[in-house]
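1. sharing a model that was predicted from the sequence below.
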Amino acid sequence: MSRTFKQRISDRHESDIEKMWPEAKKTLASGAKHEKGDVKTDEVHNIEFCIECKATQKKSYSITKEVWETIKQHAMDKSYTARPVLAVRLYGPTDVEESWGTRENSPENLTVEQDLVIMDLNDFLEFYEEYIELKEMEANRKL
């Protein structure tokens with residue numbers, strides 16, 4: 001069965017997140033009754049991530065309270081140490097005008113215009129505070 005263009009750009013995004021994010025693995029059959037979250041990580045130092053990936057070629061992507069609550073619930077269902085994350089990728093257009101004519105991009109060679117990560121402010125601040133502590137330890141040669 002042939003995958004649609006939209007499915008292929010989603011697959012590419014999930015695969016890229018899996019490659020970039022440490023300890024990440026794509027969820028087989030994500031969206032199935034008992035398999036939620038597109039990419040999950042192993043637990044490292046009492047932190048793991050449940051990542052929902054959304055990809056679009058539209059000029060914007062909207063998130064609703066309902067979508068975020070669902071992502072949070074998937075993380076809580078996985079583990080009390082799991083942090084919810086929404087990874088949003090904005091792709092460029094399929095057809096691009098070149099000096100010689102129109103070039104048609106496949107899902108595999110679309111331009112990535114923006115890669116964004118949305119997470120809870122408290123989770124972000126916790127990570128940022130730990131980063132600052134590590135930098136201070138490094139500067140004081142205690143690391």
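-> Looks like it came in fine.

2. so Ser10 touches Thr56, yeah?
-> No: using Cβ atoms under 8 Å, Ser10 makes no contact with Thr56, being 9.3 Å away. C-beta: built from backbone N, CA, C; applies to glycine.

3. please say which of the two ends up with more neighbours.
-> Ser10 (20 against 15; other Cβ atoms under 10 Å).

4. secondary structure element for the more buried one?
-> helix 5-20 (DSSP states H and E).

5. what are the contacting residues of that helix?
-> Contact partners of helix 5-20, identified using Cβ atoms under 8 Å, 6 or more residues apart in numbering, comprise 3, 24-26, 30, 38-39, 51, 53-55, 57, 87, 89, 91, 94, 106-108, 110.

6. and with 7 Å instead?
-> Helix 5-20 has contacts (Cβ atoms under 7 Å, 6 or more residues apart in numbering) with 3, 24-26, 38-39, 51, 53, 55, 87, 89, 91, 107-108, 110.

7. in ChimeraX, how would I select the buried members of the residues you listed?
-> Typed into ChimeraX, the line below selects the buried ones among the contacts of helix 5-20, using 16 or more other Cβ atoms under 10 Å:
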select :24,26,38,39,51,53,55,87,89,91,107,110
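
8. great, nothing more from me.
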